[in-house]
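Undergrad: sharing a model prediction with you, sequence too.
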Amino acid sequence: MKIPKGIEGDYIETKTPSLFFDVKGILHPSDRKICYLRFVPDENGDRVKDGLKYKKVYDLEERELLIQKKYPQYHFYFPEYDMNLQSVKNEEIKRIYSPRRYLNLLRNKDNLTKFEKRSLDLCDLLNSEGSIPEGQIGITGSPMIGLNLKKSDIDLIIYGTKVCRDLQPHLESLFKKTNFFRHYTLKEYEKHYKWRVGGSDISFDQFMRTEKRKLHQGKFYGVDFFIRYIKSPYDWKGTFYQYKFKNLGRISLIGKILDIDDGLFTPCSYKVNCEKIITSDFGSYKNYSNLNEVFSYRGRFCEQARVGERFLINGKLEEVHHEGVTHYRVILTHQKLDKMILMT
C-alpha cells in the first residue's frame, strides 16, 4: 500500500523561519499542506534542535494567535472550507517528516535511548499481536523531529482500514492479559481530563463515560501512548477539491448514533440521527432531515460512541457538498466549546 507524504501524522519544517507544523487530515490542496503550528523558536524554550531553542504550542487558540500575529503568511482563507486555516505552501516546505521513516531509522540505530527502545518495543508488540504489515506502522510526535523531552509520550500511527480494525480485539486482549500494557488509573485519568477538556464545562463524570473504554491510549511500561489510525488511500473518498463546505454557525443537539465504522480513524466520523435541535445560530429549529454526521480531526473524539447510544453534541454546523449530494454535519474542533457527551 503506497502512502502519500504530507498527511495526518507527518510533520512539516519550514525554511525561514524554522517552524514545525503537524499535518491535519488526509486531503490537501495541490499547492500547500493544511497543518497547524506545533513548535516555535523561543529563547526560553525547553527543547533544543540544531542549537536553537524551541517551545511546544499545544493550545489551539494560542497557535492561532501566534500565526496571526507573528507568522501571517501561514494563515489562509480556503473557500472550499469557508474558513481560515493554517497551512504551508509547497515551496516553503524545507522537509516533511514521516513516522514510517522515523521508525526505520530507529531500527537501524545503535545505542538507543530508553525512550526509543520502549517505542520500538511497543511497535514490535503491536506488529506481533496484530500482524501489522511492514510499512503500515510508524512513530510520530516530537521524537520524530528531534524535539522531545524525557517525559514525552509514544505517539503511533497505524495505516490501513482493515489493519486498524483488525487490531482492536488484540488490543482488548493485551489490556486484559498484561500489566505492562494497561489503561490509565483513576488519578491518571484525572490528569488526562485536564489536558483533554480543560477549560470546558464538561464534568469528570461526563468525560469518563466514554474515555475509560477507549483502546487507543494508555500506559506501556509506565510511558503514555496514543495511537492514531489512518484509512487506506483508496478509502479516502475523493480529492480536496471535490468537497465544498458552508459554515452555518454553532448548534447544540441530541442525536442517536447509527454507525461507528469511521469513529476509529483520524479524521473520525459518526453517522447520527438528529432527534432534537436544542439551540442553533441559524435562528429557527428547522429539522434538517439530512443532518446525519458528526465529524472531527481531533483525537479526543475517536472511539467516542457506540451504535444505539444517544449524545449531547455541541459544535459547528456545516453544509457539505460532494459529487452532487448535500448533507449537514456537526464538526468538533473547539477545545472549550465543542462536546460529544454520552447521555445516561
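TA: Yes, it's here. None of the values given here were measured: they were computed from a predicted structure. Numbers count the residues shown, from 1 in each chain.

Undergrad: quick one: contacts of the worst-scoring helix or strand of the chain on mean pLDDT?
TA: Averaged element by element with mean pLDDT, DSSP states H and E, the chain has its least confident helix or strand at helix 60-70 (a mean of 91). Contacting residues not belonging to helix 60-70 are listed as 36-38, 40, 57, 74-75, 86, 333-335 [CB atoms under 8 Å, 6 or more residues apart in numbering]. (Each C-beta comes from the backbone N, C-alpha and C, glycine too.)

Undergrad: how about a cut-off of 10 Å?
TA: Helix 60-70 has contacts (CB atoms under 10 Å, 6 or more residues apart in numbering) with 17, 19, 21, 36-38, 40, 57, 59, 73-75, 84-87, 199, 298, 333-336.

Undergrad: please indicate which of these are buried?
TA: The neighbour-count criterion (16 or more other CB atoms under 10 Å) marks 19, 21, 36-38, 40, 57, 74, 85-87, 298, 334-335 among the contacts of helix 60-70 as buried.

Undergrad: looking at those residues, which is nearest residue 165?
TA: Nearest to residue 165 among those is residue 298, at 20.5 Å by CB to CB.

Undergrad: correct me, but the closest one touches residue 25?
TA: No: the criterion here is CB atoms under 10 Å, and residue 298 misses it with residue 25 at 11.2 Å.

Undergrad: shared neighbours, the two?
TA: Common contact partners of residue 298 and residue 25 (CB under 10 Å, 6+ apart): 266-267.

Undergrad: mind listing what's buried along the least confident helix or strand of the chain?
TA: Of all the residues in helix 60-70, those buried under the rule 16+ other CB under 10 Å are 60, 63-64, 66-67.

Undergrad: any weak-confidence spans in the protein?
TA: Applying pLDDT under 70 to the chain flags residues 283-288.

Undergrad: try it again at 50.
TA: For the chain, the stretches with pLDDT under 50 are 285.

Undergrad: contacts only, for residue 45.
TA: Residue 45 makes contact with 39, 52-56, 147, according to CB under 10 Å, 6+ apart.

Undergrad: I meant residue 26, not that one.
TA: Contacts of residue 26 (CB under 10 Å, 6+ apart): 3-4, 6-9, 34, 230-231, 233, 235-237, 240, 265-267, 297.

Undergrad: still on that earlier bit, what subset of the contacts of residue 45 is buried?
TA: For the contacts of residue 45, buried by 16+ other CB under 10 Å: 39, 54, 56, 147.
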